[in-house]
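K.L.:
return a 3D structure for these sequence lines:
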Amino acid sequence: MDAANTLDRQFDPERPNQDWVTDITMIRTYEGWLYLAVVVDLYSRQVVGWSMQSRIYADLVLKALLIAVWRRKPKPGLIIHSDQGSQYTGHE
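P.N.:
Predicted coordinates for the structure are as follows:
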């Protein structure tokens, strides 16, 4: 089941910690592929959380989100937008 697209391509929030976006990318290293999950605050365009692992499981995303929440301490109402891949929905 897909979540509603609450952000609806509105990428210019009025304040920090209003809208965050997150995604995963692959990075080739000398020791093999690593997966990087990044959380970006759309207001400042700053990376507010990230996690890197050799496997692409839900805990990769959870660690990035936990770091972002720990660093920024957002108030209720924060929107977190992703592509709803299996790591974000818990359907691995």
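K.L.:
list the helices and strands the helix or strand in which residue 64 is found packs on?
P.N.:
Here residue 64, judged by DSSP states H and E, is contained in helix 58-72. Secondary-structure packing of helix 58-72 (3 or more C-beta pairs under 8 Å, 6 or more residues apart in numbering; DSSP states H and E): strand 19-29, strand 32-41, strand 46-53, helix 86-89. Quick note: C-beta positions are derived from backbone N, CA and C, even for glycine.
K.L.:
buried residues in it?
P.N.:
Buried positions in helix 58-72, judged by neighbour count with 16 or more other C-beta atoms under 10 Å: 58, 60, 61, 63, 64, 65, 67, 68, 69, 72.
K.L.:
which single one of these is nearest to residue 44?
P.N.:
residue 72 (10.2 Å; C-beta to C-beta).
K.L.:
might one say that that closest one is in contact with residue 47?
P.N.:
No. Taking contacts as C-beta atoms under 8 Å, residue 72 lies outside contact range of residue 47: 11.1 Å.
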